[in-house]
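[1] Structure for the following, please:
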Amino acid sequence: MTSDLTFTAIDFETATGHQNSACAVGIVTVESGIITNEFYSLIQPPRNEYMWQTTRVHGIKPRDTQHSPTFKELFPSIQSLLTNKLMIAHNELFDRNVLRKTMVHYGLSYEELQLAEMWECTYKIYRNKGFKPARLNACCEVLGINLNHHEALSDAKACAELYLRHPFVATLVEEGN
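    Numbering: from 1, shown residues only. Modelled structure (predicted):
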């Protein structure tokens, strides 16, 4: 592991196909190569509405979030975990858009978080190393990383582990392809 890496890994689960429908978040803080903080919360999505397709993926249902905070209510608890951090996600475009669109939905300023325009993406990193497939669960299986897939904190922790290991994972060379 590398001791100079400091970053924040994040994973969202959504309740519908809309990227402003966050229903769970996992956030892992890594300082000098060591996980120093883990945060998890269910989130009540807008109108507490779910699509059966998303519930089938992550198992979260309206009854699970009916008494959970909305993202606007939760935001003061996570703002300092995100502000001006190097952000990592396994599908950075998805998680970055969920954060941005959920904040816009609740009238919160994404720009005040002072985040990079694009985040580091472990999917792209491992795909470029030759991992096929490069899905989170596939990468974790190859590297022996514990994962309860589609549980936001477990996904964020696995993403953090992948990012910590990536400098030491040699590029795979596939013969015949």
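[2] what ranges of this structure fall below the confidence cut-off?
    1-3, 172-177 (pLDDT under 70).
[3] Where do the helices of this structure begin and end?
    Along the chain, the segments classed as helices by DSSP state H run 52-58, 62-65, 71-82, 92-105, 122-128, 136-143, 152-165.
[4] mind checking which of these is nearest residue 20?
    Between residue 20 and the helices of the chain, the shortest gap by C-beta to C-beta is with helix 92-105, which sits at 4.0 Å. Where C-beta positions appear, they are placed from N, C-alpha and C, glycine not excepted.
[5] what helices or strands is that closest one leaning on?
    strand 7-14, strand 22-31, helix 71-82, strand 87-89, strand 120-121 (3 or more C-beta pairs under 8 Å, 6 or more residues apart in numbering; DSSP states H and E).
[6] what about 6 Å?
    strand 7-14 (3 or more C-beta pairs under 6 Å, 6 or more residues apart in numbering; DSSP states H and E).
[7] Pull out the buried positions in the strand it packs on.
    Buried residues in strand 7-14, counted by 16 or more other C-beta atoms under 10 Å: 7-14.
[8] before we move on, back to that, so which of the helices of the chain is the most surrounded?
    Neighbour counts (mean count of other C-beta atoms under 10 Å) averaged over each of those peak at helix 152-165, with a mean of 24.
[9] Give me the angle between that helix and helix 136-143.
    Interaxial angle, helix 152-165 versus helix 136-143 (axes from the mean of the first three to the mean of the last three C-alpha atoms, to 10 degrees): 50 degrees.
[10] residues in contact with helix 152-165?
    Helix 152-165 is contacted by residues 1, 9-11, 13, 24-26, 28, 30, 40, 88, 90, 122, 139-140, 145, 147-148 when judged by C-beta atoms under 6 Å, 6 or more residues apart in numbering.
[11] now the helices of the chain in CSV, with distance to residue 116?
    Formatted as CSV, the helices of the chain follow (distance: least, C-beta to C-beta, whole Å):
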stretch, distance to residue 116
helix 52-58, 27
helix 62-65, 30
helix 71-82, 12
helix 92-105, 9
helix 122-128, 14
helix 136-143, 21
helix 152-165, 14
